[in-house]
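Colleague: Here is a sequence with its predicted model. Questions after.
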Amino acid sequence: MLKEFFIVSIGSFFGGGMRFLVSGALRAVSIVPFPLGTFAVNVLGCLIFGFVSGLSLTSGEGGRGVSATTKLLLTTGFCGGFTTFSTFMKESSTLMKEDNFVYLALYVVSSLVVGFLAMIGGHEAAKML
């Protein structure tokens with residue numbers, strides 16, 4: 001259990017750092033109130049999570065699967081630190097408080113739909129390897 005704790009912690013450290021860099025860079029170039037940075041990291045995180053999960057199903061003789069440790073590092077650790085539900089909720093409530101209902105609806109619906117499609121797409125891409 002302690003080994004797994006450190007594996008997840010290492011992945012979370014790098015995932016959180018990458019979230020800071022990616023979301024900050026996108027926020028700096030965005031000209032609309034749409035939270036592009038958080039949207040992008042959440043969708044990319046879903047894609048990575050789906051891909052790694054898909055790879056873990058292809059293990060075995062001749063497979064390109066990932067070990068349980070690598071899956072834990074990349075999914076629970078990196079993707080857990082990289083994606084952010086709490087920021088998604090905070091930005092959604094900010095859009096609501098600012099009466100930006102069009103961007104609020106677009107953000108919430110597109111985050112769910114595109115995130116789901118990214119998860120499935122990543123999983124399918126891994127199966128094609």
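Modeller: Looks like it arrived, so ask away. Treat the numbers as computed from the prediction; the structure is a model and nothing was measured.
Colleague: Just give me how far stretch 79-89 sits from the chain centre.
Modeller: Distance, stretch centre to chain centre, for stretch 79-89: 7 Å (CA atoms, centre = their mean, to the nearest Å).
Colleague: Looking at it now, give me its mean pLDDT.
Modeller: What stretch 79-89 shows for mean pLDDT is 97.
Colleague: Contacts made by that stretch with the rest, please.
Modeller: With contacts defined as CB atoms under 8 Å, 6 or more residues apart in numbering, stretch 79-89 is touched by 8, 11-19, 35, 38, 41-42, 44-46, 48-49, 52, 111. C-beta here means a position set from N, CA and C on the backbone, and glycine is covered the same way.
Colleague: which stretches of the chain have low pLDDT?
Modeller: For the chain, the stretches flagged by pLDDT under 70 are 58-64.
Colleague: hey, where'd the helices end up in it?
Modeller: Applying DSSP state H to the chain gives helices spanning 2-29, 36-56, 68-71, 80-82, 85-97, 101-127.
Colleague: any idea how far residue 95 is from residue 111?
Modeller: With distances taken as CB to CB, to the nearest Å, residue 111 is found 12 Å from residue 95.
Colleague: Next: residue 24.
Modeller: For residue 24 relative to residue 95 (CB to CB), the value is 19 Å.
Colleague: What separation is there between the residue nearest in space to the middle of the chain and residue 54?
Modeller: Nearest residue to the geometric centre of the chain (CA atoms, centre = their mean): residue 45, 1.9 Å. Shown here: residue 45 relative to residue 54, a distance of 15 Å by CB to CB.
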